[in-house]
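what follows is a predicted structure for the sequence shown.
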Amino acid sequence: MIKALRGMNDLMGYEAELFAKIVRVCESVARNYGFELIETPKLEQTALFRRSVGESSDIVGKEMYEFSDKSGDSVCLRPEGTAGVVRSFIENKFDKAGGVRKFYYTGSMFRYERPQRGRLREFHQFGVECFGEGSVYEDASVILLLAEILRKLGVKTTLKLNSLGDSSCMPEYKNKLIKFLNEREDRLCEDCKRRIITNPIRVLDCKNEACQSELATAPLITDNLSGECKSEFEKLQEILLANGLNFEIDKRLVRGLDYYCKTAFEFVSSELGAQSAVGGGGRYDRLVEFLGGKSTFGVGFAIGIERLIEILKLKEAPSSRSGIYIGAMDEAIVSCAFAIGQKLRAITKTHIAYEPKNLQKHLKSADSKMAKFCLCIGEDEFKNASVWCKNLEDKSQDMVKFNEIEDFFKDRV
Ligand code: AMP
């Protein structure tokens, strides 16, 4: 038997309903914040991710679905969404045009990770990217946008916030950190030893316990911000609080890539297991330039849809009864039931039975389909141009005339 690949799931039933609901909420909130839809290919040149996500990251180093296509070009299934959006932004010369452009996207991402709860090899993200806006109000805006999505979905999370400084303070801080790490190099794990050279900031969020205790006294960027970065970080906190959003400062929250600066944030949920991050993002003012475009401000986030499904599944009961089931009791009446069912499909979800059956069998089928109403047309009903109708929730019954059927259901479904 051919099975799905490890870490790649089919989506159906209640989970598929939740998926659609999450995307609906994400998109409607993003549109209210002035973002427009962008779709970029799932397959891109490998070089795009090598350059943007960075050679030293786990994603590029270990997790990419990378292969040569038939013409021998190195291509890669996207491991994240930002790089493709930035590539498109530059390719369409929006960087040269100037002004502010805001995009949102939904789609699958691919990472060859070790599958476990909350960690898949194909998963879906919803994300937003805002280009050309340097104001800290936009950082606040994208954070509030994500908070609004989570509020609408009824997902409780904690917002963790940090500032990574910028080119005025980060290089000096990095030297300080490297000096600190070099003094303790022999007590760090192999990954951290490597990162001292390739990506020292990432050492701070190493999950290894021995490293964590060794790094307890490490200098932190938040305590080494330039005057401007510090006051912007304070302003961000002030805006969030003034707009009803609480947060925790997490001085160890980092994004290890050079083009990230200033705001870094993550929403975490205690309802998830070890993989507690629901989504995160930050400012990336140097990414457009990094990928060959004209220097452009950037800020955005991505959230994991499967992780949201996981949380909602724990909270919400599978949807209750909905829609209509309609069937005939006689072969000659099936076409009449079909025509009425077709009319009802303009109003609500309607299942039409093509086989004639007795009333008990129709009721059983309607029940198994979780329909709210079971409609049945027998010989007597047909003669009276009526449909027998049972509400399977409150058990009430009615006879409804063919020509009144749409009015009857307008307020009931
Ligand atoms: P990242 O692009 O790594 O910052 O991830 C953003 C969000 O995507 C995370 O907070 C998760 O919710 C989700 N995510 C990342 N990796 C995976 C994965 N392997 N499986 C499922 N969800 C993921």
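That came through, no problem.

give the burial count for the residue of the stretch 201-350 of the chain found nearest the ligand, as a bare number.
Across the stretch 201-350 of the chain, the shortest distance to the ligand (CB to the nearest ligand atom) belongs to Gly304, at 2.3 Å. For glycine as for every other residue, the C-beta is placed from the backbone atoms N, C-alpha and C. Gly304: 22 surrounding residues under other CB atoms under 10 Å.

and it, what are its bridge partners?
Per DSSP bridges, residues listed as beta-bridge partners of Gly304: Gln125.

ok, it - contacts?
118, 123-125, 277-279 (CB atoms under 8 Å, 6 or more residues apart in numbering).

may I have the phi/psi pair for Lys235?
phi -60, psi -40 (degrees, to the nearest 10).

wait, Gly327
The phi/psi pair for Gly327 (degrees, to the nearest 10) is phi -150, psi 160.

does Tyr284 really touch Val85, like I thought?
No. In this structure, Tyr284 is not within contact of Val85 by CB atoms under 8 Å, at 11.1 Å.

flag the shaky bits of the stretch 51-200 of the chain, pLDDT-wise.
Low-confidence segments of the stretch 51-200 of the chain (pLDDT under 70): none present.

what residues does it have near the ligand?
80, 111, 113, 118-120, 123, 125 (CB under 6 Å from any ligand atom).

ok, 8 Å please
59, 79-81, 109, 111, 113, 118-121, 123-125 (CB under 8 Å from any ligand atom).

now render these as JSON lines, adding secondary structure.
Shown next, in JSON lines, are those (DSSP: H, G, I helix; E, B strand; the rest coil):
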{"residue": "Ile59", "secondary structure": "helix"}
{"residue": "Pro79", "secondary structure": "coil"}
{"residue": "Glu80", "secondary structure": "coil"}
{"residue": "Gly81", "secondary structure": "coil"}
{"residue": "Met109", "secondary structure": "strand"}
{"residue": "Arg111", "secondary structure": "coil"}
{"residue": "Glu113", "secondary structure": "coil"}
{"residue": "Gly118", "secondary structure": "coil"}
{"residue": "Arg119", "secondary structure": "strand"}
{"residue": "Leu120", "secondary structure": "coil"}
{"residue": "Arg121", "secondary structure": "coil"}
{"residue": "Phe123", "secondary structure": "strand"}
{"residue": "His124", "secondary structure": "strand"}
{"residue": "Gln125", "secondary structure": "strand"}
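
of the residues you listed, just say which sits nearest to Asp10.
Leu120 (11.8 Å; CB to CB).

next one, pLDDT for Asp258 please.
On pLDDT, Asp258 comes in at 67.

now the one 3 residues further on
According to the model's per-residue confidence, Cys261 sits at a pLDDT of 93.

that one and Leu43: what is the separation?
Distance, Cys261 to Leu43, using CB to CB, to the nearest Å: 30 Å.
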